[in-house]
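Chemist: Predicted structure and sequence below. I'll ask about it afterward.
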Amino acid sequence: MTDVTRPPIAPLAPTSATLRLVWRRLQRNWLSAIALGLIVMMMLAAAFAGWIAPYEPDATDAAATLQVPSLHHWLGTDIYGRDLLSRIIYAARVDLTVAFGATAMALVIGCAIGAVAGLYRGIVDLIIMRCVDSVMAFPAFILAMAITAALGNSVGNVLLAISLTQIPNYLRLIRGEIFRIREMEYADAARVVGNPAWRIMFIHLLPNALPPIIVQATLAMGYALLTMAALSFIGLGIQPPQSEWGSMTAEGAQFIVTGEWWLFLFPGLAIVLMVLSFNLIGDSLRDFLDPRMRGVR
Amino acid sequence: MTAVVEVRDLSVGFATDYGEVEAVDEVSFEVREGEVLGLVGESGSGKSVTATAILRLIRKPGRLTQGSIMLGGRDLCRLNEDELQQIRGTEIALISQTPRTALNPLLTVGQQVARMFVLHAGLTKAESRKRAIEMLALVGIPEPERRARQYAHQFSGGMCQRVMIAMALATRPRLLIADEPTTGLDVSTAARILDLLRELGRETGASILLITHDLGVVATTCHRVAVMHAGQVVEVAPVRALFRHPAHPYTRALVRSIPRVDREITMEPIPGAVPSLLNAPAGCRYADRCPWVEERCRRQKPAMTEIAPEHFVACFAVEDGRAAPV
Amino acid sequence: MPPLCEVDDVKVHFALRGSAAWLRTLRDGKPPVVRAVDGVSIDIEAGSTLGLVGESGCGKSTVARALVRLVRPTAGHIRFEGAELTGLSDQDFNEVRPHLQMVFQDPAASLNPRLSVRRMVEEPLKLHSALGAAERKERGEAVLEEVGLGAELADRYPHELSGGQCQRVNIARALVTNPRLIVLDEPTSALDVSLRARVILLLEELRQSHGLSYLFISHDLATVRYLASRVAVMYLGVIVEEATTAELFDRPAHPYTRALLAAVPVPDPDAKRDPFVLSGEIPSPIDIPAGCRLRARCPFAQPVCAEPVPYREVAPGHFAACHLV
């Protein structure tokens, strides 16, 4: 027994109690629970924007421009009289979709190439890793800017740009994990039993390499949101009139000097809260997936 | 002989999501002056937790729930962290089973041993360096002056353990806790480390609490033995009595379950499995594995009884004479 | 009758990599090589257990890994049931795998944490037999029963099992294809005393009931004495002594064997101890001394020990590599 902080005999978890366990852990980690709540709320709002948003996002109202937050317009209106709350809710659709899409794409491509590098090693690994090194030699944001600038700034291209800048992270992570796991005794045991290479990869190595990837993906969600908002802020991302948190913040920034603070504050707040939430979830997921933390209060 | 450290009714609990795990349950024993006391048990018996508790290094989610640890007239359970820090390293020292990770990879071995003298004896740098080299020579490291300038990664496992022993004994502690000191080592290296521990214990007058699962190590190294099972001490005896006349059913089974290198024997495994310590029942924790179990054993904890001089056992069956004679 | 498995002068050398190796290449004019196994010959008779003992770094695990082709031998031959394995393609070697299995040292680490016990035990059948799902299930449960695990454990995952149960699953997985030879690489050293005894007894019982052969690799000499019928002692990549178990333990011929036996603590405070010890530590397998490899540590060393060591029969069936016996 090297680790004295662990109970000497790990109690067996009745599988039915797993949910209760998750719940208890969330109680302990109330910050992550709030974060999870915020994300779920934002996702629901985006999904049912048509029902929830009090106004049409693009409906202008010349009689109610630049209104201060009030009972009619909870978060105020912009210079065209569009309701800010409705625009933020609709913007969540674009922002969350692109963040999810880019992360998922980067994860799949990164894992596939990383697994190949980890499996074949040698010259294949060498070539792949030098390519990754050269991609990573560019600052990720500059690279994303260059891609959207070159391809044009549609939603699809923004997604592609963010995804491409993230692939190296997953690739390196999964390659390292595969290198580690392929030396484990259970990988040797799988070889001795006579597993072909593809089964060793897909049944014995990859599933065990996933936990750190999932944590990375959650943290990357926040990063993707931030990149996208930043791209839109400088005019290289989603274009008006399509509502998007980054471009809304950019628009709002012009009005700070004239005192219309809400135009900048609320879209910015949406970004900050979402990024923060994903980061918090990622951190507690890391603890949760660590088997050493299981059962310890 | 006087006791250097006296542990009375010590209990340690770990809070888990499933309930309280009572890893150490009202454990009592003492380590006497100049002796090597073996604390034997399988993993989960609570022997390492007991050692950690004596150093007062139990971390959350674990906590000391009751008991006292008397050392030189003071109860370690009632001291604050500053006072404990004074005691750790000077009066009680620890050798762990992972010597390599216990050494700092960025400092030379000589610096690390010398630091003990600077910190605890207040010696000057030059003086402590000289003493460090003497210490390394004492634990049998060849060419100590040259080796003192090397780093931990240049040492083999056995040599690292010698350095750990040098560091532990540098401050002339009254009690040396050796937690499975030979577990990761090869047999011939292990044998030499044990010889060294015994010799140095005698020379420096330090008492040694040797924690191990290996009865061979116990037989060759210890003077007295305390046997632990599932968090309880079930038998305390001088080493010869323990092997000649094991009294507790667990000790009897343990002695019969190990193969021997010096002759052919028939091996009998211990029946049953180590019980779960989660919300453990009130009585004897060996009850479910015991051939002489009766109703009372499950309800009530047997007290330590002296069945022969210095030979204590906690078992109703032995007390009542129901157990087969040894 | 030829032995079930013959290991014939097998060598496994590893090339060192990295900057330090590169510097050595410049200095010595040839790349540095770790001679982990440096000419090992052993025979495993059908139905018997051969113990292979030695300290860490002696190359005993590498012999095991070479047998099941987790590493390729640099030189030498391995024959199994009379057939040469050394030149086989990986595909042809897969045909042999069901008959030649292995159990690893760390019971928990050699089980895939994401697979249930059932899937793990049935996997070899899926790969090597034509059995349908129902038959596989039946066979899998029968083997689990045989190693002393109930069917209710079949749907558990490794983290829900104790160390002893994990090792039984490993044994079941090795056993499920009815192998002729199982390589056991320190199968009991990670287990507690009481579990160790039960796994040892289980292994012996299975050997007898299935007519199995074992190559039992261990540094635990007491366990080897209990299980093996013959024992080979390895030091620094070579076999230094081989004899029947009783002969080797009672009359060790090689100084290394004697030192190894003397170092094992006997669980008896009155046992007589052989004070024989070797000085120093095992040298690196890169700079292996010429002649007898134990020379620098051996108290009996003579000038003749610098000559190549003959491996000869010192008593009927008792071989040793020492100039002085």
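Modeler: It's in.
Chemist: switch to C-alpha atoms for all contacts and neighbour counts from now on
Modeler: Noted.
Chemist: For A:Cys128, which non-adjacent residue is spatially closest?
Modeler: Just so we're on the same page, residue A:128 is Ile rather than Cys. If the residues on either side of it in the chain are set aside, A:Ile128 comes closest to A:Ala117, at 6.7 Å by CA to CA, 6 or more residues apart in numbering or on different chains.
Chemist: I misspoke; the intended subject was B:Glu6.
Modeler: B:Glu30 (4.3 Å).
Chemist: quick one: contacts for the residue nearest to A:Ile128?
Modeler: The contact partners of A:Ala117, by CA atoms under 8 Å, 6 or more residues apart in numbering or on different chains, come to A:Val124, A:Asp125, A:Leu126, A:Ile128, A:Met129, A:Arg175.
Chemist: Out of the residues you listed, who's the most crowded?
Modeler: A:Arg175 (25 neighbours; other CA atoms under 10 Å in any protein chain shown).
Chemist: Now do whatever helix or strand it lives in, average pLDDT.
Modeler: Using DSSP states H and E, A:Arg175 maps to helix A:155-181. The pLDDT scores in helix A:155-181 average 91.
Chemist: Can you find the helix or strand of chain B with the lowest average pLDDT?
Modeler: helix B:99-102 (a mean of 85; mean pLDDT, DSSP states H and E).
Chemist: list the buried ones in that helix?
Modeler: Neighbour-count burial for helix B:99-102, counted by 16 or more other CA atoms under 10 Å in any protein chain shown, picks out B:Pro99, B:Arg100.
Chemist: Give me the three-state assignment for the residue nearest to B:Glu6.
Modeler: When classified by DSSP: H, G, I helix; E, B strand; the rest coil, B:Glu30 comes out as strand.
Chemist: Equivalent analysis for C:His77, please.
Modeler: Three-state assignment for C:His77 (three-state DSSP): strand.
Chemist: Distance from the least confident helix or strand of chain B to the middle of the chain?
Modeler: How far helix B:99-102 lies from its chain's middle: 18 Å, per CA atoms, centre = their mean, to the nearest Å.
Chemist: Can you tell me which helices and strands the helix or strand just after it packs against?
Modeler: Next along the chain after helix B:99-102, taking DSSP H and E as the criterion, comes helix B:109-121. For helix B:109-121, the packing partners by 3 or more CA pairs under 8 Å, 6 or more residues apart in numbering or on different chains; DSSP states H and E come out as helix B:125-138, helix B:157-169.
Chemist: ok, back up a step: other SSEs contacting the helix holding A:Arg175?
Modeler: Helix A:155-181 packs on helix A:84-120, helix A:122-136, helix A:140-151, helix A:206-233, going by 3+ CA pairs under 8 Å, 6+ apart.
Chemist: how about those helices in TSV, adding mean pLDDT?
Modeler: Converted to TSV, the helices and strands packed on helix A:155-181 look like this (pLDDT from 0 to 100):
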stretch	mean pLDDT
helix A:84-120	91
helix A:122-136	90
helix A:140-151	89
helix A:206-233	89
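Chemist: nearest to C:Glu123, of those helices?
Modeler: For the helices and strands packed on helix A:155-181, proximity to C:Glu123 was assessed by CA to CA; helix A:206-233 is nearest, at 16.4 Å.
Chemist: Would you mind getting the angle between the helix or strand that comes right after the closest one and helix A:84-120?
Modeler: The C-terminal neighbour of helix A:206-233 among helices and strands, as given by DSSP H and E, is helix A:245-253. Put simply, helix A:245-253 runs at 140 degrees to helix A:84-120, going by axes from the mean of the first three to the mean of the last three CA atoms, to 10 degrees.
Chemist: what about stretch C:71-85, start to end distance?
Modeler: Using CA to CA, to the nearest Å, one end of stretch C:71-85 lies 13 Å from the other.
Chemist: Please identify the buried residues of it?
Modeler: For stretch C:71-85, a neighbour-count test (16+ other CA under 10 Å) marks C:Arg72, C:Pro73, C:Thr74, C:Ala75, C:Gly76, C:His77, C:Ile78, C:Arg79, C:Phe80, C:Leu85 as buried.
Chemist: for stretch B:242-251, same thing?
Modeler: Judged by neighbour count using 16+ other CA under 10 Å, the buried positions of stretch B:242-251 are B:Leu242, B:Phe243, B:Pro246, B:Ala247, B:His248, B:Pro249, B:Tyr250, B:Thr251.
Chemist: what distance separates that stretch from the centre of its chain?
Modeler: Distance of stretch B:242-251 from the chain centroid (CA atoms, centre = their mean) equals 19 Å.
Chemist: average pLDDT for it?
Modeler: For stretch B:242-251, the mean per-residue pLDDT is 95.
Chemist: Straight-line length of it, end to end?
Modeler: 8 Å.
Chemist: cool, and stretch C:173-192?
Modeler: Stretch C:173-192: ends 22 Å apart by CA to CA.
Chemist: Just give me the residue right at the centre of chain C.
Modeler: Centroid-nearest residue in chain C: C:Ile217, 3.0 Å away (criterion: CA atoms, centre = their mean).
Chemist: and the helix or strand containing that residue, which residues are buried?
Modeler: Assigned by DSSP H and E, C:Ile217 falls within strand C:213-218. If you call a residue buried by 16+ other CA under 10 Å, then strand C:213-218 has these buried ones: C:Ser213, C:Tyr214, C:Leu215, C:Phe216, C:Ile217, C:Ser218.
Chemist: Up against chain C, what does chain B have?
Modeler: Within reach of chain C by CA under 8 Å from any CA of the partner chain, chain B has these residues: B:42-43, B:186-188, B:190-191, B:213-220, B:239-240, B:243, B:254-255, B:257-262, B:264-265, B:267-270.
Chemist: so which of those residues also contact chain A?
Modeler: Restricting the residues of chain B next to chain C to those near chain A - CA under 8 Å from any CA - leaves B:Ser43.
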